[in-house]
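Peer 1: I would like the atomic coordinates for the input below:
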Amino acid sequence: MDPAGTTNETTLRLEGRKVFLAYGIFGEVTARLHAIGFDYMHSLQAWLEAQRADPCLVRLDTLEPIEANGARFADAIAASPEPALVIGYSKGGVEALTALTQPSARAKCLGFIALQSPFLGSPVADVVLRPGPLSAASMTMVRGLGIGSGEGLRDLTRRARRRWMTRHAAEVAQVLAQVPTVCLATQLTPQNARGRARLYLPAARWMERRGYGPNDGLVPVSSALLPGARHLIAEGCHIESISAGGGREPVSLLVSALELLQAPVPRAPAEGDAP
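Peer 2: Okay, here's the model as predicted:
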């Protein structure tokens, strides 16, 4: 899709609008690579500014626990003078969902777009944190980065996420009933792997072989799609929605998500309707 083709219509909806964004895990470290040309949500923020929106990055230590970051995110949304759009990438989307379980944040949210977020966890997190030398080395490394305790990584395991989703099922249902929500997932294959995306292929193949289904090299498609939300599935690796280059067009994906977010919800057939 050519983003310019929908600019006028989208501008009308975004002009003057506060848009909260949240990084994925290690995002604050990766974003620093922008100085050498690496895009980490920078193209999305630039496009939103071009639409005269007011993008605001919620500063979170991405290795902190999801509950703690979700509470901080909820405070930021609730403090907005006007209702806002919320966009979270990967772990940031999980934290956004956690934030929106709070009524005060939900009341200030016009819509929620989750970009490749592991709502049901990631098998890669399971492997990295499996008891043993790899787990110990991983936790030592992430704590050394100074961006959190590392417990946020544990929160992305499948067991931890499924437990949270079960415990908060009623609150999640309220979010989906009250806040228009789009979940974007991507699936990586040898045919659509381009440039840097090829680095994700070994993990993508490993997850496929173990029965996790289509995935982007970190998150299974089935983990990224909340039942009851509007779903958008695209091709590519785990950075497809936030990093331009190598054939990736994150702005086009965001435009598609915005269009889906704003599309009318089909009315369920009522009893007595003609077939």
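Peer 1: ok, then the element right after the helix or strand where L176 lies?
Peer 2: Here L176 sits within helix 169-178, counting by DSSP states H and E. Following helix 169-178 in sequence order, the next helix or strand is strand 181-187 (DSSP H and E).
Peer 1: other residues contacting that next one?
Peer 2: Residues outside strand 181-187 that contact it (Cβ atoms under 8 Å, 6 or more residues apart in numbering): 111-117, 119, 175, 214-216, 219, 221, 224-226, 228-238, 240-241, 253, 257, 260-261. Heads up, the C-betas are built off the backbone N, CA and C, glycines and all.
Peer 1: what pairs with that strand, and is each one parallel or antiparallel?
Peer 2: strand 109-115 (parallel), strand 230-235 (parallel) (DSSP bridges).
Peer 1: of all those, which one is nearest I77?
Peer 2: Nearest to I77, of all the strands paired with strand 181-187, is strand 109-115, at 6.1 Å by Cβ to Cβ.
Peer 1: point out the most buried one among the strands paired with strand 181-187.
Peer 2: Most buried of those by mean neighbour count (mean count of other Cβ atoms under 10 Å) is strand 109-115; its value is a mean of 25.
Peer 1: got the CA coordinates for it in CSV?
Peer 2: The C-alpha coordinates for strand 109-115 follow below in CSV (Å, rounded to 0.1, in the frame of the first residue of the first chain):
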residue,chain,number,x,y,z
CYS,A,109,-8.2,5.7,24.9
LEU,A,110,-9.8,6.2,21.4
GLY,A,111,-8.2,3.1,20.0
PHE,A,112,-5.4,0.6,20.5
ILE,A,113,-3.0,-0.8,17.9
ALA,A,114,-0.8,-3.7,19.0
LEU,A,115,2.2,-4.4,16.7
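Peer 1: now do it, average pLDDT.
Peer 2: Per-region confidence: strand 109-115 scores 97 on mean pLDDT.
Peer 1: off-centre distance for that strand?
Peer 2: Computed by Cα atoms, centre = their mean, to the nearest Å, the chain-centroid distance of strand 109-115 equals 9 Å.
Peer 1: can you check what angle separates that strand from helix 169-178?
Peer 2: 110 degrees (axes from the mean of the first three to the mean of the last three Cα atoms, to 10 degrees).
Peer 1: next SSE after strand 109-115?
Peer 2: Next in sequence after strand 109-115, counting helices and strands by DSSP H and E, comes helix 123-128.
Peer 1: who are the packing partners of that following helix?
Peer 2: helix 133-144, helix 151-154, helix 158-167, helix 201-209 (3 or more Cβ pairs under 8 Å, 6 or more residues apart in numbering; DSSP states H and E).
Peer 1: now do the shortest one: distance to the chain's middle.
Peer 2: In terms of Cα atoms, centre = their mean, the gap separating the centre of helix 151-154 from the centre of its chain is 16 Å.
Peer 1: got it, and stretch 51-67?
Peer 2: That offset, for stretch 51-67, works out to 11 Å (Cα atoms, centre = their mean).
Peer 1: kindly report the same for stretch 49-65.
Peer 2: Averaging C-alpha positions (Cα atoms, centre = their mean) puts stretch 49-65 12 Å from its chain's average.
Peer 1: mean confidence (pLDDT) on it, please.
Peer 2: In this model, stretch 49-65 has a mean pLDDT of 94.
Peer 1: could you work out the end-to-end span of it for me?
Peer 2: Start-to-end span of stretch 49-65 (Cα to Cα, to the nearest Å) is 30 Å.
Peer 1: for it, buried residues please.
Peer 2: By 16 or more other Cβ atoms under 10 Å, the buried positions in stretch 49-65 come out as 51, 53-55, 57-58, 60-65.
Peer 1: same check on stretch 96-105?
Peer 2: For stretch 96-105, burial by neighbour count (16+ other Cβ under 10 Å) applies to 96-102, 105.
Peer 1: run through who's touching that stretch.
Peer 2: Residues from elsewhere that reach stretch 96-105 (Cβ under 8 Å, 6+ apart): 20, 22, 66-67, 69-71, 73-75, 77-78, 86-88, 106, 109, 112, 114, 117, 119, 168, 171-172, 174-175, 179, 226.
Peer 1: can I get the buried residues of stretch 96-105 in CSV with distance to L184?
Peer 2: Listed next are the buried residues of stretch 96-105 as CSV, based on distance: Cβ to Cβ, whole Å:
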residue, distance to L184
A96, 13
L97, 14
T98, 18
A99, 18
L100, 17
T101, 20
Q102, 23
A105, 21
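Peer 1: great, nothing more from me.
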